[in-house]
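Trainee: Sequence plus predicted model, see below.
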Amino acid sequence: MAKYKDTNNKVHDIDPAFEHLLPAGCVQITDEEALALNPPVVVNPILVQIAEIEAQITPRRMREATLTTAGKTWLAGKDAEIAALRASL
């Protein structure tokens, strides 16, 4: 696969045999140039953990927290987990 950039600096990764399908004005670039134009997204693992915990707090779990002591305890525990993770950011 070869890397190309178009006139808007968008990177295209395509087999050179299909170069004719690229937008007009594309030029071939090196892998390093492509990486500089399109750096990888770095995701903080703590934010991923927080999102996973928050996804567990569904409407059903919220109803349980409203109606039962066990539900309230569960929700308080999840809130404490989230608070601890946020504090570590």
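Mentor: Alright, I've got the coordinates. Keep in mind that what you see is a predicted model, and the values were worked out from it rather than measured. Numbering: from 1, shown residues only.
Trainee: Tell me which stretches of the protein form helices.
Mentor: With DSSP state H, the ranges of helices along the chain come out as 31-37, 45-56, 59-67, 69-87.
Trainee: what separates Leu37 from Leu22, distance-wise?
Mentor: 15 Å (C-beta to C-beta, to the nearest Å). For every residue, glycine as well, the C-beta is placed using N, CA and C.
Trainee: How about Val42?
Mentor: 29 Å.
Trainee: got it, and Thr30?
Mentor: Taken as C-beta to C-beta, the span from Thr30 to Leu22 is 17 Å.
Trainee: Comparing the two, which residue is more hemmed in?
Mentor: Neighbours per residue (other C-beta atoms under 10 Å) separate Thr30 from Leu22, with Leu22 holding more: 15 against 10.
Trainee: show me what contacts the more buried one?
Mentor: Tyr4, Asp6, His12, Ile14 (C-beta atoms under 8 Å, 6 or more residues apart in numbering).
Trainee: residues contacting the nearest residue to Asn44 once chain neighbours are set aside?
Mentor: Of all residues beyond its chain neighbours, the one nearest Asn44 is Leu89 (7.4 Å), with distances taken as C-beta to C-beta, 6 or more residues apart in numbering. Leu89 is in contact with Asn44, Ile46, Leu47, counting by C-beta under 8 Å, 6+ apart.
Trainee: I'd like those residues laid out as CSV, including neighbour count, pLDDT and distance to Thr73.
Mentor: Listed next are the contacts of Leu89 as CSV, based on neighbours: other C-beta atoms under 10 Å; pLDDT from 0 to 100; distance: C-beta to C-beta, whole Å:
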residue, neighbour count, pLDDT, distance to Thr73
Asn44, 9, 96, 29
Ile46, 14, 97, 24
Leu47, 12, 96, 26
